[in-house]
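In: 3D model of this:
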Amino acid sequence: RIVKTLDALTAAYKKNPPRQVPCHNDTLAENFMYDADLETMRVIDWEYGGMNDAYYDTACVCVENLLSKKCEDTFFSAYCGGKPTDEERARLLINKFLVTSHWSTWSLVQISYGKDEEFYWEYGRTRAVQACGFLDEPDFARYLELIG
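Out: Coordinates of the predicted model:
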């Protein structure tokens, strides 16, 4: 199911490529550091940084930080500069699926490097289940069609 969706996304992105921007690609809370003296927020750990869909980091913030629906809506509206369009909502949901699919696959890579199989297997399984949960969202199929 995940692989078929990734294939469909590849086809959709060929028709309508997402805007590529510099991304961190790992925007979990631990990678944000606040310097109270300078009143500055810094983003650390750019190991996975690169060009990606402009909505990937935003989706990652929503997934990694377990925002409530209200917090996510507030955050995403601020990101969009107002009420998100259907396409913006589509890109957020699809990128939430991509974030969880990515980390599920990443866990298998960690196992292949000899890291703690029990931990990474469970982590990857949990992320795969989470990715499938995004596929079950009522608008997912429509959103996939919309961006393609």
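
In: please, where are all the strands along the protein?
Out: Assigned by DSSP state E, the chain shows strands spanning 20-23, 32-35, 40-43, 50-53.

In: most tightly packed of those strands?
Out: strand 50-53 (a mean of 16; mean count of other Cβ atoms under 10 Å). The C-beta positions use only the backbone N, C-alpha and C, and glycine is treated the same way.

In: paired strands for that strand, with orientation please.
Out: According to DSSP bridges, strand 50-53 has the following sheet partners: strand 20-23 (antiparallel).

In: residues in contact with the partner strand?
Out: Strand 20-23 is touched from outside by 49-54, 56-57, with contacts defined as Cβ atoms under 8 Å, 6 or more residues apart in numbering.

In: turn these into CSV, columns for distance to Phe32 and pLDDT.
Out: What follows is the contacts of strand 20-23, written out as CSV (distance: Cβ to Cβ, whole Å; pLDDT from 0 to 100):
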residue, distance to Phe32, pLDDT
Gly49, 14, 96
Gly50, 19, 97
Met51, 21, 97
Asn52, 18, 96
Asp53, 20, 94
Ala54, 19, 90
Tyr56, 16, 97
Asp57, 11, 96
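
In: which among those residues gets closest to Lys15?
Out: Asp53 (14.5 Å; Cβ to Cβ).
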